[in-house]
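**Student:** Prediction below, plus the sequence it came from.
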Amino acid sequence: MIDETPGEKPSRESIARRLADDGINYLLAQWVDIHGTPRCKGVPASAIDQLLTGSAGFAGAATVGMGQGPHDHDLVGMPDLDTYTVVPWERGLARFACDIQVDGKPWPYCSRTALRRQIERLGKIGYSMKVGVEPEHMLVTRASDGSITPFDPTGQDTLQKPCYDFKSFSSNLEYLRTLIGYLEGLDWQPYAADHEDATAQFEINWKYADALETADRYTFFKMMTSQVAQKFGAIATHMPKPFPHLTGNGSHFHFSLWDGDDNVFLDATDRRGLGQSELAYHFLGGLLAHTRALSALIAPTVNCYKRLSVGAYLTGARSGFTWTPAFITYGDNNRTQMFRTPEPGRFECRVVSGAVNPYLGLAGFIAAGIDGIERRLDPGEPQIGRNMYETSLETARREGLRFLPQTLSEALDEFESDEVVRGALGPELGAEFLRIKRTEWVRYHNDVGRWELNEYLTLF
């Protein structure tokens, strides 16, 4: 980040000073496609003036979901100077996150622009949103036949329940310490790292920030894990469910609304006992009302729904749990709820997938939450002390509990019919998202996989 006088925006001059002070001779103009995948153009630092005036042009048709054909004018990455980030794994390199323009105007297919629009809407009613993430990911190796195995260099990451185990943790401790050191150098204020519930699965936590900054940082973190893992001989994957017998990768969102320095979700007099304000409950009511449509944005791939299946806690992971709620509920500090209250003044959504495009996911959250505030939606009473993993589908139906879509196709149907969530992306990007994701579902559905061959080849 740029160090400026409080309230002062970075300038061309302050950027030039930082480049010189940090020894930067090469820049990445970075943006994301519709999947949230980082895309970049390299620029020598000597060309900073050209970059700041729009020299980072891209052929939109060469990427995914950007609403262009080969005949269209260039996408141009316009650097957000606030996002200046020294790349810690490569000497002399820095990155800017970019907003996409075409012919000098904001491009409606830009994910970062979609989130900006929703942040501006929230600002008009007096609030900002702060967000923290829990970026679970795995280290794997890939054989020549395409198969993957967990990366376990010491052979000690073998427990059925490896979460927090010292020997399992120590197998990749140097990888984690390297990441923590980089995050400290970036002043992200990391405060924890742990071995998660699957073999070679890890999580690193850093301090929450405004929604746009968190989306930028999470994108950069994915870039960082990919490059650092290579140095240790592994592949870092945030894929939601790379192994059928192991817990999948989530990216839980922790969120709250603020008015300046005041957390407006916080209320010690909460009659429900969770320490949340009426505003917080209205915002949550909007999320609960639109959850099935939001699923398309926070669990946006075919693979995500192998992590979200009803009843998957029985069969979906070697440890006995997937740690992913399938019912649309909220509660206290209880990891079996979709929305958990880890402490007063914030909620956590445990359904968000490691495949999320954070810009689109957070845009959807804000739009749904604003709808809840405007309509003063009541989320109902919280589930207190209940283990939702033990709730059968029959019991849920009897009690009127709703559950998440069970396939990407089902989630897309909900997204298409939900004007609030689809509207968060804008008409152009919303339609493009549907087109890309419908095609993804058809491609998956038309493929014949190993399970089908094993199940049916000699059955008939």
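**Tutor:** Cool, the structure landed.

**Student:** Distance from stretch 269-280 to the middle of the chain?
**Tutor:** 27 Å (Cα atoms, centre = their mean, to the nearest Å).

**Student:** Quick one: low-confidence residue ranges for the chain.
**Tutor:** 1-8, 311-321 (pLDDT under 70).

**Student:** distance of the residue nearest to Q201 when sequence neighbours are not counted from Y359?
**Tutor:** Excluding the flanking residues, the one nearest Q201 by Cβ to Cβ, 6 or more residues apart in numbering is M138, at 4.7 Å. For every residue, glycine as well, the C-beta is placed using N, CA and C. Relative to Y359, M138 is positioned 23 Å away (Cβ to Cβ, to the nearest Å).

**Student:** ok, now I24?
**Tutor:** 26 Å.

**Student:** ok, those two, which is more surrounded?
**Tutor:** Per other Cβ atoms under 10 Å, whichever of I24 and Y359 has more neighbours is Y359, with 29 against 20.

**Student:** Please identify which helix or strand holds the more buried one.
**Tutor:** Element membership for Y359, per DSSP states H and E: helix 358-375.

**Student:** and that helix, which residues are buried?
**Tutor:** For helix 358-375, a neighbour-count test (16 or more other Cβ atoms under 10 Å) marks 358-373 as buried.

**Student:** Convert the C-alpha atoms of that helix to CSV, please.
**Tutor:** The C-alpha trace of helix 358-375 is given here as CSV (Å, rounded to 0.1, in the frame of the first residue of the first chain):
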residue,chain,number,x,y,z
PRO,A,358,-14.4,-12.4,-4.5
TYR,A,359,-15.5,-9.3,-6.4
LEU,A,360,-18.7,-10.9,-7.6
GLY,A,361,-19.4,-12.8,-4.4
LEU,A,362,-19.1,-9.6,-2.3
ALA,A,363,-21.1,-7.6,-4.8
GLY,A,364,-23.9,-10.1,-4.4
PHE,A,365,-23.6,-10.0,-0.6
ILE,A,366,-23.9,-6.2,-0.5
ALA,A,367,-26.9,-6.2,-2.9
ALA,A,368,-28.7,-8.8,-0.9
GLY,A,369,-27.9,-7.1,2.4
ILE,A,370,-29.1,-3.7,1.1
ASP,A,371,-32.4,-5.4,0.1
GLY,A,372,-32.7,-6.7,3.6
ILE,A,373,-32.1,-3.3,5.1
GLU,A,374,-34.5,-1.6,2.8
ARG,A,375,-37.3,-4.1,3.4
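
**Student:** for that helix, packing partners?
**Tutor:** Here helix 358-375 touches helix 111-124, strand 128-135, helix 211-231, strand 251-259, helix 278-289, helix 291-298, helix 419-446, going by 3 or more Cβ pairs under 8 Å, 6 or more residues apart in numbering; DSSP states H and E.

**Student:** now do 6 Å
**Tutor:** The contact analysis (3 or more Cβ pairs under 6 Å, 6 or more residues apart in numbering; DSSP states H and E) places helix 358-375 against helix 111-124, helix 211-231, helix 278-289, helix 291-298, helix 419-446.

**Student:** The first one to helix 211-231, inter-axis angle?
**Tutor:** By that I understand helix 111-124. On the basis of axes from the mean of the first three to the mean of the last three Cα atoms, to 10 degrees, helix 111-124 is oriented at 150 degrees to helix 211-231.

**Student:** what's the distance between helix 111-124 and the middle of its chain?
**Tutor:** 17 Å.

**Student:** quick one: the residue nearest to Q201 and F202 touch, right?
**Tutor:** No. In this structure M138 lies outside contact range of F202 using Cβ atoms under 6 Å: 7.5 Å.

**Student:** higher neighbour count, the two?
**Tutor:** Per other Cβ under 10 Å, whichever of M138 and F202 has more neighbours is M138, with 28 against 24.

**Student:** Could I get the full set of helices for the chain?
**Tutor:** All helices of the chain, identified by DSSP state H, fall at 12-21, 48-52, 111-124, 166-170, 173-185, 211-231, 278-289, 291-298, 312-315, 358-375, 393-399, 408-417, 419-446, 450-456.

**Student:** Is it possible to get those out as JSON lines so that each row also shows distance to L93?
**Tutor:** Converted to JSON lines, these look like this (distance: least, Cβ to Cβ, whole Å):
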{"stretch": "helix 12-21", "distance to L93": "11"}
{"stretch": "helix 48-52", "distance to L93": "14"}
{"stretch": "helix 111-124", "distance to L93": "21"}
{"stretch": "helix 166-170", "distance to L93": "30"}
{"stretch": "helix 173-185", "distance to L93": "13"}
{"stretch": "helix 211-231", "distance to L93": "11"}
{"stretch": "helix 278-289", "distance to L93": "38"}
{"stretch": "helix 291-298", "distance to L93": "31"}
{"stretch": "helix 312-315", "distance to L93": "41"}
{"stretch": "helix 358-375", "distance to L93": "23"}
{"stretch": "helix 393-399", "distance to L93": "51"}
{"stretch": "helix 408-417", "distance to L93": "36"}
{"stretch": "helix 419-446", "distance to L93": "30"}
{"stretch": "helix 450-456", "distance to L93": "41"}
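
**Student:** closest one to F265 among the ones you listed?
**Tutor:** helix 278-289 (3.9 Å; Cβ to Cβ).

**Student:** CA atoms of that closest one as CSV?
**Tutor:** The C-alpha coordinates for helix 278-289 follow below in CSV (Å, rounded to 0.1, in the frame of the first residue of the first chain):
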residue,chain,number,x,y,z
GLU,A,278,-31.2,-4.7,14.3
LEU,A,279,-29.4,-3.4,11.2
ALA,A,280,-27.2,-6.5,11.3
TYR,A,281,-30.3,-8.7,11.4
HIS,A,282,-31.9,-6.9,8.5
PHE,A,283,-28.7,-7.3,6.5
LEU,A,284,-28.6,-11.0,7.4
GLY,A,285,-32.3,-11.3,6.5
GLY,A,286,-31.5,-10.1,3.0
LEU,A,287,-28.7,-12.7,2.7
LEU,A,288,-30.9,-15.5,3.9
ALA,A,289,-33.7,-14.4,1.6
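
**Student:** And that helix, what's buried?
**Tutor:** L279, A280, Y281, H282, F283, L284, G285, G286, L287, L288, A289.

**Student:** Around the residue lying closest to L284 once chain neighbours are set aside, count how many other residues there are.
**Tutor:** Nearest non-adjacent residue to L284, counting by Cβ to Cβ, 6+ apart: P379, 4.7 Å away. If you count neighbours by other Cβ under 10 Å, P379 ends up with 22.
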